[in-house]
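**Student:** starting from these lines, generate the structure:
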Amino acid sequence: KAFLFALSGFNIQSPCKMKLKDKDDTNAILTDEGCGPVFGTGHDLYVDGSKNVYIYTGHTYQEGPTEELTCNNNYEINEMEVFQISDLSGKQRKKLSSGSEKKVASVDRFTGEVNNAINDKWLTLQELEEEVFSLEESFKDEETFIDSFVSGDTSGVVMLNVSGTMMATKRDVLMFAKDSVLAQQFDDTKWTEQGCKDMRVKDWEPDDVMKWVKKIKDIPNNVAQLFIENEITGSELLALNENGLKMLGVKRVGTICLLFDEISALKKTSSEDTVTLIEHSPYCFGKILDFLRMKQVSSLELCGDPALPSVCEHKRDMFEKVVKYYFPGESSKRILG
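**Tutor:** This next block holds a predicted model:
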C-alpha cells in the first residue's frame, strides 16, 4: 500500500504518485539507526542522518515524471510533516480526542536530530487535533443555538410597537423573568385578551372558512356550503379572485362582488401582524429585551451568563426607571446590578 508522491515542485505540471512496482514488496519502507526513513531497497527516497534527502525513483517505486525525481538529486529539508493513517470510526476518533491525552510512543529508531524532528511534529499534530476538535464542538454549539433561535412555532413571535419603533421577539423571551411585569403582561390570560392567540387566516381549516363566510351580511347559506364542499382552506381563500369564485359555483354577480370585496379586506388585515404597544423609550426597552434574549440563551447552556446592559450616561436615569417599572423591587437588581 506504500507509495511516493509529489504535490508540487520538481518541475512537475501536476501532482504525481509513484506506486510500488511490486505490491508485495516487503522493503517498501526501511529503517536504520544511522539515518532517517528509507523508501525502497534502491533508496528511491532516502533521508540521511542530518537534513538531506536523496530522491532516485524508478527502483522499488515507479519512476517519477521528471529528471528531478529520477537522477539521484539531493535536497535539504526545510520542514517535515508527519501524518498517520487511521481506520478508526468517527465515534472512536471523537472519543479519543475528547478523552484523556492520547499517548504516542516517542520515535527513537533514527538519529537524534531526525527523532526530535518527528517527535516534535507528533506533538504539534496532537495539539492541532485538539484544536480542531474544539472548533468542531464550538460549531455544533453554534448550530444548536441557531436552530433553537430560528425554529419553533411562528405564533410565538410577538410584534412590539415601542413608541413608534417596531421590534420583534419571542413570547418566551418576554416571559423569561416570571415575576416581572412583562411576564404578567404576556401571560396566557392577558395574551388571549389582546387577541394574539387568534388563528392566522392562512391556518384556517375549511370549517373556519365556512364560518367566516356565514358571518358576511347578505351571503346565502348555500354559498357558504360551497366553500366546505370544495374544502377551501384559509390560504386558498386569500388566493380566490372573481374567476375562482365562479368556478366554486357562485353564480350571482352581486354575491361574487360582495365576496371578493370581503376577501380583499381580509387579505389586507391578515397581512398585518398583531402589534402590542409599549409606551417607553425604544433605547431603554431594547436594552432590556437584548438582555432577556441572552439570559434565555444562557439558560439553554448555549452561551455564558451575559453581562449587565451597558447604557449611555445621559440615559442612565431613564433606563433605571424603565427597569424598575417592569422589574419592581429586588428583581430590578438582575438588570441594574
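
**Student:** what about the helices in the stretch 151-300 of the chain?
**Tutor:** Here the stretch 151-300 of the chain has its helices, by DSSP state H, counting those that start in this stretch, at 171-174, 181-185, 188-193, 206-215, 221-229, 234-239, 242-248, 253-270, 282-299.

**Student:** rank the ones you listed by pLDDT, which is bottom?
**Tutor:** Ranked by mean pLDDT, the helices of the stretch 151-300 of the chain bottom out at helix 188-193, with a mean of 53.

**Student:** lowest-pLDDT helix or strand in this protein?
**Tutor:** The helix or strand of the chain with the poorest confidence is helix 90-98; it has a mean of 47 (mean pLDDT, DSSP states H and E).

**Student:** which strand residues bridge residue 38?
**Tutor:** Beta-bridge pairing for residue 38 (DSSP bridges): residue 30, residue 46.

**Student:** dump the helices of the stretch 151-300 of the chain to TSV, plus mean neighbour count.
**Tutor:** C-betas here are computed from N, CA, C, even on glycine. Formatted as TSV, the helices of the stretch 151-300 of the chain follow (neighbours: other CB atoms under 10 Å):
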stretch	mean neighbour count
helix 171-174	19
helix 181-185	16
helix 188-193	11
helix 206-215	16
helix 221-229	16
helix 234-239	17
helix 242-248	14
helix 253-270	14
helix 282-299	18
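
**Student:** of these, which approaches residue 62 most closely?
**Tutor:** Ranking the helices of the stretch 151-300 of the chain by proximity to residue 62 (CB to CB) places helix 282-299 first, at 57.4 Å.

**Student:** residues in contact with the closest one?
**Tutor:** 145, 148-149, 162-165, 167, 169, 172-174, 176-177, 182, 278, 303-306, 308-309, 311-312, 315, 318-319, 322-323, 326, 335 (CB atoms under 8 Å, 6 or more residues apart in numbering).

**Student:** now residue 308: how far from residue 70?
**Tutor:** For residue 308, the distance to residue 70 equals 70 Å [CB to CB, to the nearest Å].

**Student:** what about those two, which has more around it?
**Tutor:** Neighbours per residue (other CB atoms under 10 Å) separate residue 308 from residue 70, with residue 70 holding more: 18 against 12.

**Student:** next, that one: phi, psi?
**Tutor:** Here is the backbone geometry of residue 70 (degrees, to the nearest 10): phi -130, psi -10.

**Student:** right, and it touches residue 63 too?
**Tutor:** Yes: Residue 70 lies in contact with residue 63 (CB atoms under 8 Å); the separation is 5.5 Å.

**Student:** buried residues, the strand or helix carrying residue 324. List them.
**Tutor:** For residue 324, the host element (DSSP states H and E) is helix 316-326. For helix 316-326, the buried set under the neighbour-count rule, 16 or more other CB atoms under 10 Å, comprises 319, 322, 323, 326.
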